[in-house]
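Novice: Return atomic coordinates for the entry below.
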Amino acid sequence: MKVVVVGAGDIGIAAVISAKYVTSEVYLLEKEQNEVMKVKSEMTLTAIRGDATNPRTLKNALEKFGDIDVLISATKDDSMNLYICMNAKQIYGKRIRTIATIKNRSDLEDWIPDYVDHLLCPEDLINEKISKISALRNAVMYEPLSEPGLCLTTFKARYGQDIIAKTCMNLDLPKTCRIVAIYRGDNVILDVELTEIRDGDRILVIGDWESMVRFDDLMGSGGSTTNVVILGATAQGIRLAKNLSKNDNMRLKIMDEDLARCKAADAALPSVSVVQGNLLDPAFLRSENVIRANVVIPAFDNDEKNLLSCVTGIRFGVEKVVTRYRNEEYGDIFGYTGVESAIGLKKTVTNDINMHLVDENDPGRHNNGMILLERQGEFLLSVVMRHNCRALGKPLGNLALPDGVRICAVMNMDPEGNYIYAPISLKTVIGIGDKVMFYYYMTDYYELIQLFGLNIPEI
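Specialist: A predicted model of the protein is given here:
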């Protein structure tokens, strides 16, 4: 597979990283020479200078790279990304797949151009994650999966919850969810059935959204109403508030220091309380009962300001702090300060592209999605089973899985060609054409090849 990425900004580089998980043939087209040189000095790939908005330049570049399978346009201009995808389709026809990045999908309403196979809006993806984490009292991380309706959610166990001191096999779990792993300090526990839940455990669960809600209730989630405070009446903050306001169980407040932004938020959010004041003044924050909020969400455009707001929320003893960051260096910094729900731009973009890069209709490719998880060397992989898979025809209970591997789901294809998610057990048998989703952490790659065949990317 050959992938061309247009644009060397943050999203473009994230797209390059995503593509390199799937194929070694990744190319970059960037109009600024200094950006091209910077990328070449930091990464091993072919990068050339050229203005992709010029149809002739784009055509010459694509012909230089050879037969291209996927084009990802990630410039800073939404309209140019759509235009570049349109020109790529005119050059290659339907055989090339195109991905266009945009800042605000609402600008297009429900319209998706027929020359764009996938629209990637990082802000929408981040807002969805924040909304889901905020809606579940015990959730700290959330990842949507390639199969419609499926997701991965990490829950935090705390002293006093109903789930504490119970073994996983004795939990009354929803049928459509499965505990994948338990994080206990630096350890990852995959033999979860006999594991007793302890205070501080982080529980990774796969299933549909309804099962996530039921699992959250099973843990003992507390009150039915969630008080949410958004710090920052920025464009992102307003869009997030609009999304959260759809949840009837949430009581929202958005706060900012800037009066003009507060007025704009008040006009855009008639059902949300908007407050103007000094967000660094503890007395002001106490007067607005921020200390009683269940969730505080810093939504500024600046990573440093979001970090400072997170620290303030933690000092106030807020139940949960959820935020975002753009600079990858801040990922560890948020973790050091005790923020468990910090969502990074690059990882969000990487996971979304990973789920859309591989064409499931291509008989030569059978890896149908890969999700990067929280730790180095930790992934969720989806693989379609073929004849060379040693796991075929065997019950899951009889499989000798490599260390660090746990099967999360086995999905069968219905008559219409859609994969159906269903509960699995030790008696579940893997058949040809089934899609198997499995958790992978620091595992010997060649052991995976022997068990599942040669369709797994080397990661």
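Novice: can you pull out the helices in this structure?
Specialist: In the chain, the helices defined using DSSP state H lie at 10-22, 33-42, 55-65, 78-92, 122-135, 209-219, 235-244, 259-268, 282-287, 303-315, 330-336, 345-357, 445-452.
Novice: For the fifth one, name the packing helices and strands.
Specialist: Yep, that's helix 122-135 we're talking about. On a contact count with 3 or more CB pairs under 8 Å, 6 or more residues apart in numbering; DSSP states H and E, helix 122-135 meets strand 139-144, helix 209-219, strand 226-231, helix 235-244, strand 295-298, strand 320-325, strand 341-344, helix 345-357. Where you see a C-beta, it was placed from the backbone N, CA and C, and this is true even at glycine.
Novice: Give me whichever of these is most buried.
Specialist: Mean neighbour count (mean count of other CB atoms under 10 Å) peaks for strand 295-298 among the helices and strands packed on helix 122-135, with a mean of 28.
Novice: which residues sit against that one?
Specialist: Strand 295-298 is touched from outside by 130, 134, 226-232, 237, 240, 290, 305-306, 309-310, 313, 318-323, with contacts defined as CB atoms under 8 Å, 6 or more residues apart in numbering.
Novice: Report how many residues lie close to the residue nearest to Gly317 when sequence neighbours are not counted.
Specialist: Leaving out its chain neighbours, the residue that sits closest to Gly317 by CB to CB, 6 or more residues apart in numbering is Ile291, at 6.6 Å. Neighbourhood size, Ile291 [other CB atoms under 10 Å]: 15.
Novice: now do Arg386
Specialist: Using other CB under 10 Å, Arg386 is surrounded by 15 other residues.
Novice: Go ahead and confirm it touches Ile432.
Specialist: Yes - the criterion here is CB atoms under 8 Å, and Arg386 meets it with Ile432 at 6.8 Å.
Novice: what about Cys121, how many residues close to it?
Specialist: For Cys121, the count of nearby residues is 20 (other CB under 10 Å).
Novice: dump the residue contacts of it.
Specialist: Cys121 touches 101-105, counting by CB under 8 Å, 6+ apart.
Novice: now the residues you listed: which count as buried?
Specialist: For the contacts of Cys121, a burial check counting by 16 or more other CB atoms under 10 Å picks out 101-102, 105.
Novice: Centroid-wise, who is the farthest residue in the chain?
Specialist: Ala283 (36.3 Å; CA atoms, centre = their mean).
Novice: circling back: now render the contacts of Cys121 as TSV, adding pLDDT and distance to Leu204.
Specialist: What follows is those, written out as TSV (pLDDT from 0 to 100; distance: CB to CB, whole Å):
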residue	pLDDT	distance to Leu204
Thr101	92	29
Ile102	91	31
Lys103	85	31
Asn104	74	32
Arg105	71	29
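Novice: what's stretch 45-60 in contact with?
Specialist: 6-8, 16, 20, 26-33, 36, 39-40, 61, 64-65, 73, 75, 80, 83-84, 87-88, 90-91.
Novice: Put the alpha carbons of that stretch into CSV.
Specialist: Presented in CSV, the C-alpha positions along stretch 45-60 are these (Å, rounded to 0.1, in the frame of the first residue of the first chain):
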residue,chain,number,x,y,z
LEU,A,45,10.5,8.8,4.7
THR,A,46,10.4,10.4,1.2
ALA,A,47,9.4,14.0,1.5
ILE,A,48,9.3,16.5,-1.4
ARG,A,49,8.5,20.2,-1.8
GLY,A,50,5.4,21.0,-3.8
ASP,A,51,2.2,23.0,-3.7
ALA,A,52,-0.6,20.3,-3.9
THR,A,53,-3.2,23.0,-4.5
ASN,A,54,-1.8,23.3,-8.0
PRO,A,55,-3.4,20.4,-10.0
ARG,A,56,-0.3,20.0,-12.2
THR,A,57,2.1,19.9,-9.3
LEU,A,58,-0.1,17.4,-7.5
LYS,A,59,-0.3,15.2,-10.6
ASN,A,60,3.5,15.3,-11.2
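Novice: Now do the buried residues in that stretch.
Specialist: Applying 16+ other CB under 10 Å to stretch 45-60 flags 45, 47, 49-53, 57-59 as buried.
Novice: For PyMOL, write a command that selects the buried ones of the contacts of stretch 45-60.
Specialist: Provided next is the PyMOL selection string for whichever of the contacts of stretch 45-60 are buried by 16+ other CB under 10 Å:
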select buried, resi 6+7+8+16+20+26+27+28+29+30+31+36+39+61+65+73+75+80+83+84+87+88
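Novice: re the thing from before, out of the contacts of Cys121, flag the one nearest to Phe452.
Specialist: Thr101 (32.2 Å; CB to CB).
Novice: what's near enough to touch the residue lying closest to Gly185 once chain neighbours are set aside?
Specialist: Nearest in space to Gly185, with sequence neighbours left out and distances taken as CB to CB, 6+ apart, is Gly200 at 7.9 Å. The contact partners of Gly200, taken as CB under 8 Å, 6+ apart, are 156-158, 184-185.
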